[in-house]
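Trainee: below are the sequence and a predicted model for it; my questions follow.
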Amino acid sequence: MNEELKNSPIEDFDWDAYENGENNGGKSREELTKTYDESLNTVKDKDVIEGTIIALNKREAVVNIGYKSDGIIPVNEFRYNPDIKVGDVVEVFIENQEDKKGQLILSHRKARMSRSWERVNQALENDEIIKGYIKCRTKGGMIVDVFGIEAFLPGSQIDVKPIRDYDIFVGKTMEFKVVKINQEFKNVVVSHKALIEAELEQQKKDIISKLERGQVLKGVVKNITTYGVFIDLGGVDGLIHITDLSWGRVSHPEEVVKLDQELDVVILDFDDERKRIALGLKQLQPHPWDALDADLKVGDKVKGKVVVMADYGAFVEIAPGVEGLIHVSEMSWSQHLRSAQDFMKVGDEVEAVILTLDREERKMSLGIKQLKNDPWENIEVKYPIGSKHTAKVRNFTNFGVFVEIEEGVDGLIHISDLSWTKKIKHPSEFTQVGSDIDVQVLEIDKDNRRLSLGHKQLEENPWDVLETVFTVGSIHPGTIIEMQDKGGVVALPYGVEGFATPKHLVKEDGTQAQVDEKLDFKVIEFNKDNKRIFLSHSRIFEDEAKAEKNEARKARRQAKKEEQPALNTPIERTTLGDLEELAALKEKLSGKK
């Protein structure tokens with residue numbers, strides 16, 4: 001033991017030299033300090049260098065950078081890399097070589113930030129796979145910490161499968177590829193889906209190469225849309241269109257399937273180039289038409305539920321997957337146009353009669369009006385000519401009014417048969433759609449299923465009486481209610497209208513009569529057949545002037561006639577006695593003088 005101590009380095013140590021500031025090699029303490037400093041890394045504040053993790057706990061990591069002291073970095077700066085361990089080499093940013101306590105201050109986050117854009121661009125250029133930490137959710141996707149940069153991960157780029165719960169990814173570290181960088185705005189877009197697409201693409205090719213039409217496979221419902229269901233066939237997706245889910249009507253696929261449900265599906269078609277696979281579910285079930293009662297025939301009554309409505313008719317399901325069409329023309333005996341929605345709605349339970357049945361084409365037409373008697377079979381008995389009824393106005397035309405006496409029994413009132421006295425230009429001036437109107441049957445056209453009706457015939461023809469009132473030459477008060485190119489329409493007593501041409505509307509002062517003026521009019525023509533009364537205002541004062549002129553002329557003639565007898569009195573011959581009297585008278589007159 002003493003021999004070992006004697007041969008130890010301590011025995012050879014020169015303590016005197018040490019006390020004088022020298023070592024065994026004769027070097028001074030300054031020289032030793034210099035040599036020690038040269039053995040350490042030369043570092044500067046704000047530099048980015050590499051260091052080795054020499055200790056690690058839940059809160060801190062101790063990093064050796066070859067400096068005289070080690071640095072401490074919070075562990076949360078390494079959360080993007082949960083696999084960090086002692087011995088890993090990491091980049092660090094020197095914030096301060098010594099703080100007040102003489103501690104070396106390092107930052108891994110700032111080191112990453114200082115080189116992040118360079119590394120992100122390299123990752124995009126080299127198609128490199130990188131790791132990132134998903135920090136939180138955001139609108140349309142997730143925020144990912146990549147090299148200290150907040151990158152955007154779109155929801156569609158998380159996985160090849162639709163994601164229903166984004167929150168399960170928050171706090172996870174995953175591998176990504178950089179897919180887009182906006183240098184101007186410092187935006188980075190990453191994708192996890194891109195990592196697995198290449199593998200899936202090859203997997204799809206392998207699966208599609210083995211597919212055959214009619215092949216039955218197992219699949220899982222991956223996504224449900226309004227138009228169909230996407231099925232995962234084990235690495236490749238196929239679509240079951242909504243029309244291939246069930247032989248019956250389906251409003252939404254959720255009525256038939258649900259998410260994550262496992263199904264047997266049949267391959268209907270596929271496209272090698274576009275990797276599209278059309279699948280069917282209903283094809284695995286027998287067609288409902290094949291199970292339809294073989295005894296069912298035309299004329300039979302069936303019951304069903306209205307599943308679809310259209311303007312032209314209604315589709316009624318009489319059995320699951322078996323439908324018949326009730327055309328709108330088979331809903332009522334009425335001939336005027338109506339919408340199918342006037343008779344029924346989706347969900348209604350109806351009874352109908354089979355009109356046509358084609359089992360090969362799997363088509364069926366139904367009717368409901370056939371459940372009622374055709375009103376035209378005994379039309380002459382129920383609505384004989386001359387009978388009076390109340391009808392409902394259904395439609396107008398320029399020439400008349402279409403009415404319905406009862407469902408299926410339509411008729412036309414010609415515009416000339418609406419009123420005896422009024423001149424009606426359009427039926428809307430007389431009545432309105434939906435109103436009731438009293439009618440009389442004038443004619444029956446059974447072949448065309450149409451009645452000719454009249455309204456004015458319910459009253460006596462007033463023109464028989466009017467003929468005695470508005471005699472030619474009679475004068476009546478009237479009001480001009482309308483001016484036309486050919487003259488004016490005049491309202492007369494008893495609800496009658498007359499007509500006066502422009503020359504007959506000239507007033508005594510030479511001006512033209514206007515609308516709403518009340519004047520006296522003289523009847524110059526009465527046409528009972530055409531129900532026209534022609535009037536004149538000017539004829540009144542013209543006739544008066546003419547009458548005065550005639551009176552004056554007559555008076556002159558009378559006066560002249562009275563004078564004419566004296567002038568025409570014959571001269572009698574003078575007799576002898578007359579001459580004697582004249583001579584005596586002459587003498588008598590002479591004697592007086």
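Mentor: Yep, it's here.
Trainee: for the rest of this, base every contact and every neighbour count on C-alpha atoms.
Mentor: Fine.
Trainee: in which helix or strand would I find the spatially closest residue to V216 that is not a sequence neighbour?
Mentor: Once flanking residues are discounted, V216 sits nearest to V266: 4.4 Å by CA to CA, 6 or more residues apart in numbering. V266 is part of strand 262-271 when elements are defined by DSSP states H and E.
Trainee: one more: R213?
Mentor: Applying DSSP H and E, one finds R213 in no helix or strand.
Trainee: residues contacting it?
Mentor: Contacts of R213 were listed using CA atoms under 8 Å, 6 or more residues apart in numbering, and they are 266-270.
Trainee: dump the residues you listed to TSV, plus distance to V92 and pLDDT.
Mentor: Shown next, in TSV, are these (distance: CA to CA, whole Å; pLDDT from 0 to 100):
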residue	distance to V92	pLDDT
V266	59	90
I267	58	89
L268	60	89
D269	58	87
F270	55	80
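Trainee: between which two of those residues is the distance greatest?
Mentor: Spatially, the most separated pair among the contacts of R213 is V266 and F270, at 11.3 Å (CA to CA).
Trainee: rewinding a little: doesn't I277 make contact with the residue nearest to V216?
Mentor: No - taking CA atoms under 8 Å as the definition, V266 is not a contact partner of I277, at 10.3 Å.
Trainee: what is the burial count for D232?
Mentor: 19 (other CA atoms under 10 Å).
Trainee: return the set of residues that bridge with the nearest residue to E212 once chain neighbours are set aside.
Mentor: Excluding its sequence neighbours, the residue lying closest to E212 (CA to CA, 6+ apart) is I267, at 7.0 Å. With DSSP bridges as the criterion, I267 is bridged to L279.
Trainee: contact partners for I267?
Mentor: I267 touches 211-217, 277-280, counting by CA under 8 Å, 6+ apart.
Trainee: partner residues bridging E60?
Mentor: P74.
Trainee: same question, V353
Mentor: Bridge pairing for V353 - DSSP bridges - gives K301, G367.
Trainee: show me which positions of the lengthiest helix in the chain end up buried.
Mentor: For the chain, the helix with the greatest residue count under DSSP state H is helix 538-567. Within helix 538-567, the residues that qualify as buried are 538-540, counting by 16 or more other CA atoms under 10 Å.
Trainee: what are the ranges of the helices in the stretch 1-150 of the chain?
Mentor: Assigned by DSSP state H, counting those that start in this stretch, the helices in the stretch 1-150 of the chain fall at 2-6, 9-12, 15-19, 29-39, 108-125.
Trainee: ok, how many other residues are close to D417?
Mentor: Around D417 there are 17 residues (other CA under 10 Å).
Trainee: residue ranges of the strands in the stretch 51-200 of the chain, please?
Mentor: Using DSSP state E, counting those that start in this stretch, the strands found in the stretch 51-200 of the chain span residues 60-64, 71-74, 89-96, 104-107, 129-138, 141-146, 149-154, 173-182, 187-191.
Trainee: mind putting the ones you listed into CSV with mean pLDDT?
Mentor: Shown next, in CSV, are these (pLDDT from 0 to 100):
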stretch, mean pLDDT
strand 60-64, 89
strand 71-74, 87
strand 89-96, 83
strand 104-107, 83
strand 129-138, 90
strand 141-146, 90
strand 149-154, 89
strand 173-182, 89
strand 187-191, 90
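Trainee: and I149, how far from Q285?
Mentor: In this view, I149 and Q285 are 55 Å apart by CA to CA, to the nearest Å.
Trainee: where do the strands of the stretch 351-500 of the chain begin and end?
Mentor: 363-367, 388-397, 400-406, 409-414, 436-445, 450-454, 475-484, 487-492, 496-500.
Trainee: P502 contacts M483, doesn't it?
Mentor: No - taking contacts as CA under 8 Å, P502 lies outside contact range of M483: 9.3 Å.
Trainee: give me the below-cutoff pLDDT ranges for the chain.
Mentor: 1-46, 99-100, 102, 198, 272-275, 335-337, 563-593 (pLDDT under 70).
Trainee: contacting residues for the residue lying closest to F169 once chain neighbours are set aside?
Mentor: Closest residue to F169 apart from its sequence neighbours, by CA to CA, 6+ apart: I134 at 6.9 Å. Taking CA under 8 Å, 6+ apart, we find I134 in contact with 142-145, 169-174.
Trainee: only alpha carbons, please: show stretch 376-387 as CSV.
Mentor: The C-alpha trace of stretch 376-387 is given here as CSV (Å, rounded to 0.1, in the frame of the first residue of the first chain):
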residue,chain,number,x,y,z
TRP,A,376,-121.6,12.4,-68.6
GLU,A,377,-123.3,8.9,-68.8
ASN,A,378,-126.7,10.4,-68.0
ILE,A,379,-126.0,14.1,-68.7
GLU,A,380,-129.3,14.5,-70.6
VAL,A,381,-131.3,13.4,-67.6
LYS,A,382,-129.4,15.4,-64.9
TYR,A,383,-128.8,18.6,-67.0
PRO,A,384,-131.5,18.7,-69.7
ILE,A,385,-131.7,21.6,-72.1
GLY,A,386,-133.4,24.6,-70.5
SER,A,387,-132.6,23.5,-66.9
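Trainee: one step back: okay, buried residues for the strand holding V266 please.
Mentor: 265-270.
Trainee: if we take these, which one ends up nearest to I129?
Mentor: Closest to I129, out of all of the buried residues of strand 262-271 and judged by CA to CA, is F270, at 33.3 Å.
Trainee: contact partners for that closest one?
Mentor: 213, 276-278.
Trainee: buried stuff in stretch 91-110?
Mentor: Quick answer for stretch 91-110 (16+ other CA under 10 Å): 91-97, 104-110.
Trainee: what do you get for stretch 77-84?
Mentor: Those would be 77-80, 84, for stretch 77-84 by 16+ other CA under 10 Å.
Trainee: ok, T501 to Q484 distance?
Mentor: T501 is 9 Å from Q484, by CA to CA.
Trainee: among those two, which residue is more densely surrounded?
Mentor: Comparing T501 with Q484 by other CA under 10 Å, the one with more neighbours is T501, at 18 against 9.
Trainee: any idea how far that one is from D485?
Mentor: For T501, the distance to D485 - CA to CA - is 9 Å.
Trainee: just E404 next, same as before
Mentor: 38 Å.
Trainee: for these two, indicate the residue with more neighbours.
Mentor: More crowded of E404 and D485, by other CA under 10 Å: E404, with 22 against 7.
Trainee: burial of the closest residue to that one other than its chain neighbours, as a residue count?
Mentor: Closest residue to E404 apart from its sequence neighbours, by CA to CA, 6+ apart: D410 at 4.4 Å. Neighbourhood size, D410 [other CA under 10 Å]: 23.
Trainee: doesn't F402 make contact with D410?
Mentor: Yes - counting by CA under 8 Å, D410 touches F402, with 7.0 Å between them.
Trainee: re earlier: pull out the buried members of the contacts of F270.
Mentor: 277-278.
Trainee: would you convert the contacts of F270 into TSV that also reports distance to E360?
Mentor: As requested, those are arranged in TSV below (distance: CA to CA, whole Å):
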residue	distance to E360
R213	24
R276	31
I277	29
A278	25
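Trainee: nearest to V250, of the contacts of F270?
Mentor: A278 (18.0 Å).
Trainee: so that closest one touches L268, yeah?
Mentor: Yes - the pair A278 and L268 passes the contact test of CA under 8 Å, sitting 5.4 Å apart.
Trainee: widest-spaced pair of the buried residues of stretch 91-110?
Mentor: Taking CA to CA, no two of these sit farther apart than Q97 and R109, at 17.0 Å.
Trainee: what number of residues lie near L217?
Mentor: Neighbours of L217 using other CA under 10 Å come to 14.
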